[in-house]
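Trainee: using only what follows, build the 3D model:
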Amino acid sequence: MTSIDPSVSPAPAAVAADPPSGGPPLSLPPLIALSLGYFLVMLDVTVVNVAVPSIQDSLHAGPSDMQWIVDGYSAFFAGLLLLGGGLGDRFGHRTLFLAGLGVFAAASVGCGVAPSAQVLIAARLAQGAGAALLVPASFALLQAAYPDRAQRARAVGYWGLVSAVAFGAGPAVGGLLVSGFDWRSVFWVNLPVAAVAVLLTLRHVPAPARRARPGRMDPAGLLLGVVGLLGVAGGLNEAGTAGWSSPEVLTLFVGGLVALAAFVALELRLEKGAALRPEGRRPLLPLSLFREIRLTATNVIGLLLSFGYYGLLFVATLYFQQERHLSPLATGFALLPSVCMGFLAAPLSSRLTARSGPYLPMAGALLLGSVGFLGWLAAGPDTPYPVLLFALMATGLATPVTVVAATVAIMEASPAEKAGVASAVFNVSRQVGCALGVALFGTLLGSTGGMIGGLHTSAVIAAVAFLLASVLAATTGRRADAARAH
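Mentor: Have a look, this model is predicted:
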């Protein structure tokens with residue numbers, strides 16, 4: 001597969017970030033350009049949450065429509081990420097990064113002018129498509145721009161800080177915009193950020209070296225992957241209103257699982273065929289990547305992380321608005337401690353990862369997050385806000401620490417020629433976790449004793465997910481250390 005030539009270095013820049021402990025400084029303009037793209041993607045995961053009641057009233061949307069507006073973005077993002085990674089390896093990651101920014105900006109316009117819930121859902125899916133193009137490209141361009149391990153860890157720390165702040169700031173930014181303007185402004189704000197990212201990319205991020213084109217694309221694999229992920233996510237979304245045993249829900253589940261099984265079978269067959277005929281069709285997902293235990297384990301950790309954190313954030317937002325009757329602005333500020341933790345977490349994680357490797361920080365952070373989720377068990381209709389601060393701060397610290405460390409782990413474990421696909425797989429895992437968490441926890445609100453019962457059940461499930469991920473990170477770290485020792 002085509003990839004960025006690691007020997008290509010970013011254009012000289014007058015501005016650099018001083019390293020925290022010696023070593024070469026970081027060139028800032030490429031890092032800022034790539035971080036802004038990721039900022040947009042992560043912001044739009046959560047910025048819509050506090051706008052849900054306003055959108056519901058304005059567009060007369062039902063509960064199922066609202067879950068698709070929140071969750072469809074992540075599900076479609078996950079379904080198309082592998083295509084984005086493959087296209088970047090084929091046509092160049094800089095080209096795909098710019099194309100993704102363009103699609104994302106155009107889809108944001110569609111969201112901003114949507115006259116109905118159905119049009120808004122379609123525009124949110126288009127946003128997911130743009131995100132799927134730019135995220136793997138951003139990862140690959142970052143890897144090429146900072147080949148030194150310690151320098152790369154610092155760069156990923158700043159990159160992770162931007163994404164963590166974007167994700168955590170989503171509710172606060174959304175609350176400010178909805179209170180000051182209306183719900184449509186949460187989409188219009190994407191346009192100036194996308195414009196700055198495009199300008200910086202054109203000026204400071206070099207075009208990758210072109211290599212020979214790989215074999216033909218895998219459209220059948222793409223179709224099966226998208227249908228499978230949307231089927232499973234759709235079944236979870238509809239279960240809350242139609243019931244778990246309804247024909248519609250069962251059809252979505254069965255169809256999604258069958259499509260995913262067919263996807264795996266097709267990718268195995270194509271990978272075997274590609275080894276014999278390089279000019280033939282190439283698999284969308286080379287399953288041989290999963291022979292590397294570090295890649296497999298980190299992808300599972302990414303799924304469990306997003307499943308627990310994103311799912312519970314969705315429920316917590318509804319808790320503050322519907323149970324505590326806070327305004328969108330007040331809800332955003334209530335969730336603000338998670339954002340503040342992001343400023344501490346990303347630089348801390350980059351320093352720890354550079355010194356000890358990625359797995360120890362991941363294991364410790366996930367264990368802290370697991371305990372933090374249990375803090376939500378104290379939540380009730382009139383619980384004093386300070387009682388909830390530990391849950392907000394612990395999970396807000398644990399998540400960006402894990403994301404930064406996991407990103408470094410993926411970079412270190414993935415072959416350079418498959419950087420785009422490896423990045424795509426990791427982000428697929430995270431977005432699948434997000435989509436499943438939002439869908440499942442949202443469904444539990446209507447089937448486990450109302451808002452408080454659903455919040456408590458979701459908190460326990462999220463805590464278990466983080467605990468399993470912590471054990472997996474610790475085990476993988478020990479195996480990696482043993483392998484290096486031999």
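
Trainee: residue 177 touches residue 185, doesn't it?
Mentor: Yes - with contacts counted by Cβ atoms under 8 Å, residue 177 reaches residue 185, the gap being 4.2 Å. All C-beta spots, glycine's among them, are computed from the backbone N, C-alpha and C.

Trainee: which of the two has more neighbours?
Mentor: Using other Cβ atoms under 10 Å, the more surrounded residue of residue 177 and residue 185 is residue 177, with 23 against 17.

Trainee: just the element for that one, please.
Mentor: Using DSSP states H and E, residue 177 maps to helix 149-180.

Trainee: give me the buried positions along the helix or strand residue 408 falls within.
Mentor: Using DSSP H and E, residue 408 sits within helix 385-413. Neighbour counts over helix 385-413 (16 or more other Cβ atoms under 10 Å) mark 388, 390-413 as buried.

Trainee: over to stretch 288-295?
Mentor: By 16+ other Cβ under 10 Å, the buried positions in stretch 288-295 come out as 289, 294, 295.

Trainee: could you say what helices and strands the host helix or strand of the second one packs with?
Mentor: Using DSSP H and E, residue 294 maps to helix 293-318. Helix 293-318 is packed against helix 28-46, helix 359-374, helix 385-413, helix 419-444, helix 450-485, with contacts defined by 3 or more Cβ pairs under 8 Å, 6 or more residues apart in numbering; DSSP states H and E.

Trainee: again, only using 6 Å
Mentor: helix 385-413, helix 419-444, helix 450-485 (3 or more Cβ pairs under 6 Å, 6 or more residues apart in numbering; DSSP states H and E).

Trainee: out of those, which comes closest to residue 318?
Mentor: helix 450-485 (7.0 Å; Cβ to Cβ).

Trainee: so, low pLDDT: which residues of the stretch 201-350 of the chain?
Mentor: Along the stretch 201-350 of the chain, segments meeting pLDDT under 70 span 207-217, 237, 239-241, 273-281, 339, 342-343, 346-347, 350.

Trainee: dump the helices and strands packed on helix 293-318 into JSON lines; add mean pLDDT as well.
Mentor: Below are the helices and strands packed on helix 293-318 laid out as JSON lines (pLDDT from 0 to 100):
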{"stretch": "helix 385-413", "mean pLDDT": "86"}
{"stretch": "helix 419-444", "mean pLDDT": "76"}
{"stretch": "helix 450-485", "mean pLDDT": "87"}
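
Trainee: so which of the ones you listed is nearest residue 300?
Mentor: Minimum separation from residue 300 across the helices and strands packed on helix 293-318 (Cβ to Cβ) falls at helix 450-485, 6.1 Å.

Trainee: next, the buried residues of the closest one.
Mentor: 451-452, 454-459, 461-463, 465-470, 472-474, 476-477, 480.

Trainee: how about stretch 314-333?
Mentor: 314-321, 323-324, 326, 328-333.

Trainee: and if you look at stretch 102-112?
Mentor: Neighbour counts over stretch 102-112 (16+ other Cβ under 10 Å) mark 103, 104, 105, 107, 108, 110, 111, 112 as buried.

Trainee: pLDDT added to the residues you listed, as a markdown table?
Mentor: Converted to a markdown table, the buried residues of stretch 102-112 look like this (pLDDT from 0 to 100):
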| residue | pLDDT |
| --- | --- |
| 103 | 94 |
| 104 | 93 |
| 105 | 93 |
| 107 | 94 |
| 108 | 93 |
| 110 | 93 |
| 111 | 91 |
| 112 | 90 |
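
Trainee: restricted to helices, list those residues.
Mentor: 103, 104, 105, 107, 108, 110, 111, 112 (DSSP state H).

Trainee: helix/strand/coil for the nearest residue to residue 334 once chain neighbours are set aside?
Mentor: Closest residue to residue 334 apart from its sequence neighbours, by Cβ to Cβ, 6 or more residues apart in numbering: residue 320 at 5.1 Å. Recorded secondary structure, residue 320: helix (DSSP: H, G, I helix; E, B strand; the rest coil).

Trainee: same deal with the one 5 residues further on?
Mentor: Here residue 325 is coil, with the state taken from three-state DSSP.

Trainee: separation between it and residue 445?
Mentor: Distance check for residue 325 against residue 445: by Cβ to Cβ, to the nearest Å, it reads 16 Å.

Trainee: which helices and strands sit right next to the next helix or strand after the helix holding residue 177?
Mentor: As assigned by DSSP H and E, the chain's next helix or strand after helix 149-180 is helix 185-188. The contact analysis (3+ Cβ pairs under 6 Å, 6+ apart) places helix 185-188 against helix 93-113, helix 149-180.

Trainee: hmm, who's touching the first one?
Mentor: Contact with helix 93-113 is made by 4, 37, 87-88, 120, 123, 126-127, 129-130, 133-134, 137-138, 140-141, 184, 187-188, 190-191, 194, 197-198, 205, 207-208, as judged by Cβ atoms under 6 Å, 6 or more residues apart in numbering.

Trainee: can you say which of the helices and strands packed on helix 293-318 is nearest to residue 357?
Mentor: Using Cβ to Cβ, these put helix 450-485 closest to residue 357, at 6.7 Å.

Trainee: the helix or strand that residue 251 is a member of vs helix 419-444, what angle?
Mentor: If you go by DSSP H and E, residue 251 is part of helix 247-276. Relative orientation of helix 247-276 versus helix 419-444 (axes from the mean of the first three to the mean of the last three Cα atoms, to 10 degrees): 170 degrees.

Trainee: of all the ones in helices among the buried residues of stretch 102-112, which comes closest to residue 369?
Mentor: Looking across these and measuring by Cβ to Cβ, the closest to residue 369 is residue 104, at 29.0 Å.

Trainee: now the closest one: how far from residue 249?
Mentor: Applying Cβ to Cβ, the value for residue 104 to residue 249 is 31 Å.

Trainee: out of everything not next to it in sequence, what's closest to residue 391?
Mentor: Residue 391's closest residue in space is residue 375 (Cβ to Cβ, 6+ apart), at 3.2 Å.

Trainee: I meant residue 467, not that one.
Mentor: residue 370 (4.3 Å).

Trainee: wait, doesn't the one you found sit right on residue 468?
Mentor: No - under the criterion of Cβ atoms under 6 Å, residue 370 makes no contact with residue 468, lying 8.8 Å away.

Trainee: quick check: the residue nearest to residue 391 touching residue 390?
Mentor: Yes - counting by Cβ under 6 Å, residue 375 touches residue 390, with 4.7 Å between them.

Trainee: residue 316 versus residue 74, what's the distance?
Mentor: 17 Å.

Trainee: and if you look at residue 367?
Mentor: Where residue 316 is concerned, residue 367 sits at a distance of 21 Å (Cβ to Cβ).

Trainee: again, but for residue 117
Mentor: Distance from residue 117 to residue 316, by Cβ to Cβ: 23 Å.

Trainee: and residue 98, by the same measure?
Mentor: Separation of residue 98 from residue 316 (Cβ to Cβ): 36 Å.

Trainee: swap in residue 302?
Mentor: Taking Cβ to Cβ, one finds residue 302 at 21 Å from residue 316.

Trainee: for residue 242, same thing?
Mentor: For residue 242, the distance to residue 316 - Cβ to Cβ - is 25 Å.

Trainee: same deal with residue 349?
Mentor: For residue 349, the distance to residue 316 - Cβ to Cβ - is 23 Å.

Trainee: then residue 64?
Mentor: According to Cβ to Cβ, residue 64 stands 21 Å off from residue 316.

Trainee: mind pulling up the pLDDT for residue 369?
Mentor: Predicted confidence (pLDDT) for residue 369: 94.

Trainee: what residues are up against it?
Mentor: 395, 398, 466.
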